[in-house]
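let me see the structure of the following:
(one chain, ligands or ions: 2)
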Amino acid sequence: MAAPLRVALAGASGRMGQMLVQEILAAPDLQLSGALLHAQSARLGEDAAAFMGRSSGVRFTADAGQALQDAEVLIDYSRVEGSLQLLPLCVQRRLPMVIGTTGFSAEQRAQLQAAGAQIPLLCAPNTSVGVNVVMNLLAQAARQLGSAYDVEIVEAHHRHKVDAPSGTALQMGEVIAQAQGQRLADVAVYSREGHTGAREAGRIGFATVRGGDIVGDHTVMFCGAGERIEIAHKSSSRIHYAQGALLAARWLSKQPAGFYGMADALQLR
Ligand SMILES: NC(=O)C1=CN([C@@H]2O[C@H](COP(=O)(O)OP(=O)(O)OC[C@H]3O[C@@H](n4cnc5c(N)ncnc54)[C@H](OP(=O)(O)O)[C@@H]3O)[C@@H](O)[C@H]2O)C=CC1
Ligand SMILES: O=C(O)C1=N[C@H](C(=O)O)C[C@H](O)C1
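Ligands and ions are numbered 1, 2, ... in the order given. Sure, this is the predicted structure:
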């Protein structure tokens, strides 16, 4: 059997990081090679699998050089600042990066794209197979229903989420806008309050719910005259995001430099 693929994690102590540790330890073709946290993290020095009552032999560190030292691919689910700080080091080391972190501005996304000219970089606001199949359903619905149907995107997440709308909701909006020959920036409505006036045709509306431990729900409504179509995806666990990220990491480790999405790794284009 080939040697296992050595995977480093950034944001390794987080909700996604710990799910990834669990899935990497369960995969015979993968090996955890580094677990990066930020310098203020309370869990530095702890074994990355201690939360499972196990030892992985890899300790949480804030030293990026050390965490990436033996890695063949990096998977990052941290925060925007953390992901961006890692870019130059990954470029310098020619290390492929899977970025699941969300909340990047258009300018920050351009930075990621630029790094993709030098290393294989896959950036996906949602690494779930199901959500990425839904993206294709949305493109088809948007093309075939056209502008007679008002599009509203409602997302719900746990109380700890720091960005809104979710990266997935924004990607859904982009997919729909593009399928209708628009740019999301020109048609998006992110909030409504007070005397808003009637809904303008051709807009894509967003609504955000935050509460409790909701893992991640997305519903897209196409509202027409006398009917409404809803396409929804609901997560009950983070395991499918983690499994999608590992699929992406295996695929990306064999690709040339480029800026990729989950649709490339899943061959959904
Ligand atoms: N693409 C996808 O499919 C998915 C994407 N996400 C996205 O992944 C990201 C992480 O989500 P989640 O695991 O729930 O978040 P958590 O808050 O649970 O975990 C974040 C991790 O990043 C660390 N961290 C916090 N601040 C920084 C920083 N400034 N620099 C580096 N590391 C930092 C945290 O350490 P500490 O706790 O010590 O502060 C922790 O290890 C979010 O952007 C979320 O939207 C989430 C799920 C699926
Ligand atoms: O923060 C989360 O939890 C999630 N974030 C991603 C997003 O912003 O779309 C993906 C998923 O919805 C869970």
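
ok, the residue nearest the centre of the chain - contacts?
Of all residues in the chain, the one closest to the mean position by CA atoms, centre = their mean is Pro125, 2.5 Å from it. Counting by CB atoms under 8 Å, 6 or more residues apart in numbering, Pro125 touches Gly100, Thr102, Ser166, Gly167, Thr168, Leu170, Gln171. No exception for glycine: its C-beta is placed from N, CA and C like everyone else's.

Thr61 too?
Counted by CB under 8 Å, 6+ apart, Thr61 has contacts Gly34, Ala35, Leu36, Leu37, Leu44, Gly45, Ala67.

the fifth one contacts Ala62, doesn't it?
Yes: distance between Leu44 and Ala62: 5.8 Å, which falls inside the contact criterion (CB atoms under 8 Å).

between those two, which contacts overlap?
With CB under 8 Å, 6+ apart, Leu44 and Ala62 have common neighbours Leu37.

I'd like the distance between the closest residue to ligand 1 within the chain and Leu20.
Residue nearest to ligand 1 within the chain: Gly14 (2.0 Å; CB to the nearest ligand atom). Note on Gly14: its distance to Leu20, by CB to CB, to the nearest Å, is 9 Å.

related to what we said a few turns ago, tell me the contacts of the nearest residue to the residue nearest to the centre of the chain once chain neighbours are set aside?
Nearest residue to Pro125, sequence neighbours excluded (CB to CB, 6 or more residues apart in numbering): Gly167, at 2.7 Å. With contact set as CB under 8 Å, 6+ apart, Gly167 has these partners: Thr102, Gly103, Phe104, Pro125, Asn126.

for those, give me JSON lines that also has secondary structure.
JSON lines is the format used below for the contacts of Gly167 (DSSP: H, G, I helix; E, B strand; the rest coil):
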{"residue": "Thr102", "secondary structure": "coil"}
{"residue": "Gly103", "secondary structure": "coil"}
{"residue": "Phe104", "secondary structure": "coil"}
{"residue": "Pro125", "secondary structure": "coil"}
{"residue": "Asn126", "secondary structure": "coil"}
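
so which of these is the most crowded?
Counting neighbours by other CB atoms under 10 Å, Asn126 leads these with 26 neighbours.

that one and Ala263 touch, don't they?
No: if you go by CB under 8 Å, Asn126 and Ala263 don't touch, sitting 11.1 Å apart.
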